[in-house]
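Chemist: sequence unavailable; structure follows:
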């Protein structure tokens, strides 16, 4: 198995966590987003969408979109499970994951921030205000959703799920932009629990071969 | 079952399609986004994230995020299936759905367009350029991904899936902003096939009780 990815990409980080949780070995293929390597013809052959990450199976099949990759891994390597068994519990975990992946991250990723600066000519302050607005808005919604569930170590229950795979990279990203975490105690407690876990440590940007300190 | 939703919301439209494909009856509860009804205290009790749609089960449980709702419906009402059986096929369908739901729609929804106008003071032209930039960029990626798969009537195979539930509302939305569909023949052929299907007709904004022509 191969993972085409970038150390700082949140979507890449999600998949690295899932691979680490399942203890699956893979070849780490770096794609440097800031240098534009994802736009190269070579990468377009791997991933017609030009997005990272792309997962490659041993049979050479390519798959994009981090949540789709994680569910594929969960269906083909069921232990440890990254989704609960009960349909409503599975749905709530997916809902939390999608709150990050559909409401927060898309507004804050590199290509969008680039557009704000290059096309809309925003200065750093306006760009950071945009970032923090959507990130706070989303994390506050995440916290409100989380507190409706019974107390738990991770987002859902006592083992990491797809929701934790999505939350942790978002918190890393938010830190880089000095986003306030005030009023998010449950979310931060989950983050802290995750970062005690070896798989999350192993998957984090600073552990990646292409890391730039 | 109840669906809190808005006729013009793409995410609501996705779930209405899934409900119609499965022939499931539900109470349609309108939440007027433009009037800000999703921000009301009453709606916050239903959906702490304040987003639409929210699905309510007969047991009174609430679930948000359209793809999570559709997968829940698919797991609890398996016929007709909205995901293929094979793990890689399921993954490719999810990947297409997420290409719309994570890469296109989040940049183009109402709250983001409002921010562009109110906070960033963009004029109509700049707002529409933003819209079309991300919409075209995403639909071109969608087309490139689609043409890698064997020919099919719908996004994947001969019956509608989660991917079609996500694609069709995005095309409706893109039309409202006069987005060009040049160079997207496969994507548009899928759209046309879907719109021949009764379930898609029944779920479309103009068929909704809260429709405003």
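Modeler: The structure has been received and is ready for your questions. Worth saying up front: this structure is predicted, and the values here are computed from it rather than measured.
Chemist: what sits against the residue nearest to residue A:84 when sequence neighbours are not counted?
Modeler: Of all residues not flanking residue A:84 in the chain, residue A:90 sits nearest, at 5.5 Å (C-beta to C-beta, 6 or more residues apart in numbering or on different chains). (C-beta placed from N, C-alpha, C; glycine too.) Going by C-beta atoms under 8 Å, 6 or more residues apart in numbering or on different chains, residue A:90 touches A:83, A:84, B:71, B:72, B:75.
Chemist: from chain B, how far out is residue A:27?
Modeler: Residue A:27 sits 19 Å away from chain B, going by C-beta to the nearest C-beta, to the nearest Å.
Chemist: give the contact list for that residue.
Modeler: Residue A:27 makes contacts with A:1, A:2, A:3, as judged by C-beta under 8 Å, 6+ apart.
Chemist: how about residue A:106?
Modeler: Here residue A:106 is in contact with A:112, B:102, B:103, B:106, B:107 (criterion: C-beta under 8 Å, 6+ apart).
Chemist: ok, the first one touching residue B:107?
Modeler: I take that to be residue A:112. Yes: applying C-beta atoms under 8 Å as the test, residue A:112 and residue B:107 come out as touching, 6.8 Å apart.
Chemist: now, which of the contacts of residue A:106 sits nearest residue A:16?
Modeler: residue B:102 (17.8 Å; C-beta to C-beta).
Chemist: now do the SS call for the closest one.
Modeler: helix (DSSP: H, G, I helix; E, B strand; the rest coil).
Chemist: need the outlier residue of chain A, farthest from its centre.
Modeler: residue A:121 (27.8 Å; C-alpha atoms, centre = their mean).
Chemist: okay, and the residue nearest to residue A:84 sits in which element?
Modeler: helix A:87-98 (DSSP states H and E).
Chemist: show me which residues of that helix are buried.
Modeler: Judged by neighbour count using 16 or more other C-beta atoms under 10 Å in any protein chain shown, the buried positions of helix A:87-98 are A:90, A:91, A:92, A:93, A:94, A:95, A:96, A:97, A:98.
Chemist: just want the angle from it to helix B:87-98.
Modeler: Interaxial angle of helix A:87-98 relative to helix B:87-98 (axes from the mean of the first three to the mean of the last three C-alpha atoms, to 10 degrees): 50 degrees.
Chemist: and stretch A:132-150, is it in reach of chain B?
Modeler: Yes: applying C-beta under 8 Å from any C-beta of the partner chain, one finds that stretch A:132-150 is in contact with chain B at A:133, A:141, A:142, A:144, A:145, A:148.
Chemist: could you tell me which of those count as buried?
Modeler: Counted by 16+ other C-beta under 10 Å, the residues of stretch A:132-150 next to chain B give A:141, A:142, A:144, A:145 as buried.
Chemist: want to try CSV for the residues you listed, with pLDDT as columns?
Modeler: Compiled in CSV, these are given as follows (pLDDT from 0 to 100):
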residue, pLDDT
A:141, 96
A:142, 98
A:144, 96
A:145, 96
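Chemist: what about residue A:153, how many neighbours?
Modeler: 17 (other C-beta atoms under 10 Å in any protein chain shown).
Chemist: what helix or strand is residue A:183 on?
Modeler: Going by DSSP H and E, residue A:183 is not part of any helix or strand.
Chemist: can you verify my assumption that it contacts residue A:143?
Modeler: Yes: Residue A:183 is within contact range of residue A:143, at 7.1 Å (criterion: C-beta under 8 Å).
Chemist: settle it for me: which of those two has more neighbours?
Modeler: Higher neighbour count among residue A:183 and residue A:143: residue A:143, with 18 against 11, using other C-beta under 10 Å.
Chemist: the helix or strand where that one lies: which residues count as buried?
Modeler: Here residue A:143 sits within helix A:124-146, counting by DSSP H and E. If you call a residue buried by 16+ other C-beta under 10 Å, then helix A:124-146 has these buried ones: A:127, A:130-132, A:134-146.
Chemist: ok, stretch A:67-87 next?
Modeler: So for stretch A:67-87, counting by 16+ other C-beta under 10 Å, buried means A:67-74, A:77, A:81-84.
Chemist: ok, then the element right after the helix holding residue A:143?
Modeler: helix A:162-176.
Chemist: got the contact list for the helix or strand following that following helix?
Modeler: Per DSSP H and E, the first helix or strand lying C-terminal to helix A:162-176 is helix A:185-195. Here helix A:185-195 makes contact (C-beta under 8 Å, 6+ apart) with A:139, A:142-143, A:146-147, A:153-155, A:160, A:164, A:167-168, A:171, A:181, A:200-201.
Chemist: and which of the residues you listed is nearest residue B:49?
Modeler: Nearest member of the contacts of helix A:185-195 to residue B:49, counting by C-beta to C-beta, is residue A:142, at 8.0 Å.
Chemist: without its sequence neighbours, what residue ends up closest to residue A:33?
Modeler: Using C-beta to C-beta, 6+ apart, the closest residue to residue A:33 is residue A:6 (4.8 Å).
Chemist: need the contact list for that neighbour.
Modeler: A:12, A:30, A:31, A:32, A:33, A:38, A:52, A:53, A:210.
Chemist: just put those residues in JSON lines and tack on secondary structure.
Modeler: Shown next, in JSON lines, are the contacts of residue A:6 (three-state DSSP):
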{"residue": "A:12", "secondary structure": "helix"}
{"residue": "A:30", "secondary structure": "strand"}
{"residue": "A:31", "secondary structure": "coil"}
{"residue": "A:32", "secondary structure": "coil"}
{"residue": "A:33", "secondary structure": "coil"}
{"residue": "A:38", "secondary structure": "helix"}
{"residue": "A:52", "secondary structure": "coil"}
{"residue": "A:53", "secondary structure": "coil"}
{"residue": "A:210", "secondary structure": "coil"}
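Chemist: most neighbours of all those, which one?
Modeler: residue A:12 (28 neighbours).
Chemist: list the contacts of that one.
Modeler: With C-beta under 8 Å, 6+ apart as the criterion, the residues that contact residue A:12 are A:3, A:5, A:6, A:52, A:53, A:66.
Chemist: ok, of those, which one's closest to chain B?
Modeler: Nearest to chain B among the contacts of residue A:12: residue A:66, at 8.1 Å, using C-beta to the nearest C-beta.
Chemist: any idea of the pLDDT on the closest one?
Modeler: pLDDT recorded at residue A:66 is 98.
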